[in-house]
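> Below is the sequence, then the predicted model.
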Amino acid sequence: MDPNNQESQANTPVETQPPQPIFTPQPEFHQQVETQPQDNDDVQSKPKTKLSKKLAIIFISVLSVLLIVFIAVVIYVATFSVNYKDAYIKSNEVTDSWNSFSSRHNEVSDSLNLEVSDFDKKLSEEKAAFDKFKSSYKKLEETSMLKDGEIKLKYDTYIKKVDVIVPKIEVYFDVEPSIYNFSQKVSKLGTKATLTDAEIDDLVSSLVSSKNAKLKDFGQNYASLAKKMYGTIAAYNKTHSAADYEALTLAKSEFNDLVGKMENLPGELGIVTSGDIDQMTSAWRDLSGVISAKYSNSKR
């Protein structure tokens with residue numbers, strides 16, 4: 001071996017290789033390492049999911065309880081609460097309409113010397129007031145006031161009066177025009193000594209054309225007895241016989257008996273009286289007074 005060559009080789013620096021890693025990570029390992037935290041998130045999300053479900057169940061339960069409470073309150077309000085303001089407003093409508101009717105009724109009752117056409121006009125106005133009253137008092141049933149025991153008691157008393165007296169008022173409107181027409185014709189005849197059959201038929205025409213059966217019967221009886229009486233008067237004036245006089249006396253007696261019964265005719269027909277009106281007014285004051293007091297207390 002050449003010594004010089006060995007020396008030159010000894011002086012030549014030896015190239016060193018960088019140390020090689022013992023283990024070179026594979027790409028798959030990095031992926032596994034990078035995805036490992038994701039697996040930890042899944043583990044942590046499981047308790048969160050359970051907690052969310054519990055909260056949802058609690059929330060739904062609370063809502064259910066609130067809904068039940070709300071329904072219970074609504075049922076309670078609908079069943080037991082009373083809207084006193086509504087009752088008070090509707091009671092004022094009844095008061096106004098009843099006062100309007102009763103005042104007009106008094107005016108008509110005092111109108112004894114009006115022409116038939118004027119009387120019919122006043123009666124028509126009274127009827128309109130009465131119809132308004134009927135509409136207003138029926139609205140009381142639509143209110144919640146009957147849930148109040150004290151009001152219900154007064155209302156029942158009032159309605160009993162209404163059920164009896166309102167039909168009498170309706171009879172009054174049915175027959176009063178015919179009766180007034182008849183009475184005006186009678187007053188115009190005065191003390192006329194004789195009447196023809198035609199005059200008698202005209203006199204009772206408004207009665208016999210009435211839809212009220214009792215008034216119609218009265219008109220027919222009146223006409224029959226009047227014709228009989230005036231017929232016997234004419235016969236006696238011709239003969240002056242005892243027989244005709246006896247017949248005249250009997251006919252007059254029968255006719256006068258019928259005329260005397262005219263005072264009882266309103267009662268037989270079932271026409272409303274001033275006493276009936278007073279009873280209705282009194283019963284309504286009792287009821288409306290309680291409604292007004294309850295409404296005042298409810299505002300405190």
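That came through fine. Numbers count the residues shown, from 1 in each chain.
> For stretch 210-223, what is the distance to the chain centroid?
37 Å (C-alpha atoms, centre = their mean, to the nearest Å).
> List of residues touching that stretch?
With contacts defined as C-beta atoms under 8 Å, 6 or more residues apart in numbering, stretch 210-223 is touched by 171, 174-175, 178-179, 182, 200-201, 203-204, 206-209, 258, 265, 268-269. Using the backbone N, CA and C atoms, a C-beta is placed for each residue, glycine as well.
> now do stretch 224-233
Contact with stretch 224-233 is made by 193-197, 200, 203-204, 244, 247-248, 250-252, 254-255, 258, as judged by C-beta under 8 Å, 6+ apart.
> thinking again about what came up before, could you list which of the contacts of stretch 210-223 belong to helices?
Cross-referencing the contacts of stretch 210-223 against helices under DSSP state H gives 171, 174-175, 178-179, 182, 200-201, 203, 206-208, 258, 265, 268-269.
> Quickly name whichever of those residues is closest to Ser117.
Ser206 (13.5 Å; C-beta to C-beta).
> which residues touch that closest one?
Neighbours of Ser206 in contact, by C-beta under 8 Å, 6+ apart: 177-179, 181-182, 185, 219.
> on that earlier part again, for ChimeraX, write a command that selects the buried ones of the contacts of stretch 210-223.
Restricted to buried positions by 16 or more other C-beta atoms under 10 Å, the ChimeraX selection for these reads:
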select :171,175,178,179,182,200,203,204,206,207,208,258,269
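> picking that back up, so which of the contacts of Ser206 is the closest to Tyr295?
Using C-beta to C-beta, those come closest to Tyr295 at Pro177, 40.7 Å.
> Contact partners for that closest one?
Neighbour list for Pro177: 119-120, 123, 206 [criterion: C-beta under 8 Å, 6+ apart].
> Mind checking which of those are buried?
Among these, those classed as buried by 16+ other C-beta under 10 Å are 119, 123, 206.
> Reformat those as JSON lines; add distance to Ser102.
Shown next, in JSON lines, are these (distance: C-beta to C-beta, whole Å):
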{"residue": "Phe119", "distance to Ser102": "18"}
{"residue": "Leu123", "distance to Ser102": "14"}
{"residue": "Ser206", "distance to Ser102": "26"}
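> Determine the number of other residues adjacent to Phe101.
By other C-beta atoms under 10 Å, 23 other residues sit near Phe101.
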